[in-house]
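Q: give me a 3D structure for the following:
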Amino acid sequence: MVEFCPECSNLLRKEVSAGNKALVCRCGFQKELRLSTEEINKNVRLKKKALDENLIIVSQEDKITVHPIVKKYCPKCNNKEAEAWQEQTRSADEPSTSFFRCLECKHTWREY
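A: Sure thing, here's the model as predicted:
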């Protein structure tokens, strides 16, 4: 979750010093990070993946799609629904490429 400074509204950044974690702002505001026992127990059950110093925790409830759902038959499992998005993969004077991902089997395909 992203938090903002209550004093100047800038983005708070995570900083670790001497084993203590805090959210720090450029203006000098600091907020110490402490997890409740409920949050600790919840985090233990979830898979954790470390990337550099950032910790990403993903659970099934967090898998929310941002792409629209369309009626499209999956060529792999014949499911009727898929996520859809478009990208400009070729030059600007040509049409964009449509991508689809099946909601059932997660197969991804494209149409030009």
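Q: CA only for contacts and neighbour counts going forward, please
A: Will do.
Q: got the contact list for the closest residue to residue 4 other than its chain neighbours?
A: Using CA to CA, 6 or more residues apart in numbering and skipping the chain neighbours, the partner closest in space to residue 4 is residue 11 (4.6 Å). Residue 11 makes contacts with 2-5, 25, as judged by CA atoms under 8 Å, 6 or more residues apart in numbering.
Q: most neighbours among these, please name it.
A: Highest neighbour count within these: residue 25, with 21 neighbours (other CA atoms under 10 Å).
Q: need the contact list for it.
A: So residue 25 contacts 5, 10-13 (CA under 8 Å, 6+ apart).
Q: which stretches of this protein form strands?
A: 13-17, 20-24, 30-32, 47-51, 54-58, 69-71, 81-87, 97-102, 108-111 (DSSP state E).
Q: in this protein, which residue sits furthest out from the middle?
A: Taking CA atoms, centre = their mean, the residue of the chain most remote from its mean C-alpha position is residue 93, at 31.8 Å.
Q: quick one, domains of the protein?
A: Following automatic domain parsing, the chain resolves into domains at 13-59, 69-111.
Q: among these, which is the most enclosed?
A: Stretch with highest mean neighbour count among these: domain 69-111 (a mean of 14; mean count of other CA atoms under 10 Å).
Q: in the chain, what secondary structure element scores lowest on mean pLDDT?
A: strand 47-51 (a mean of 44; mean pLDDT, DSSP states H and E).
Q: hmm, back to that, what about the residue nearest to residue 4, distance to residue 17?
A: According to CA to CA, to the nearest Å, residue 11 and residue 17 sit 19 Å apart.
Q: cool, residue 10 as well?
A: 21 Å.
Q: same thing with residue 94?
A: 52 Å.
Q: now the end-to-end length of stretch 3-22.
A: End residues of stretch 3-22 are separated by 12 Å (CA to CA).
Q: average pLDDT for that stretch?
A: Mean pLDDT, computed over stretch 3-22, is 81.
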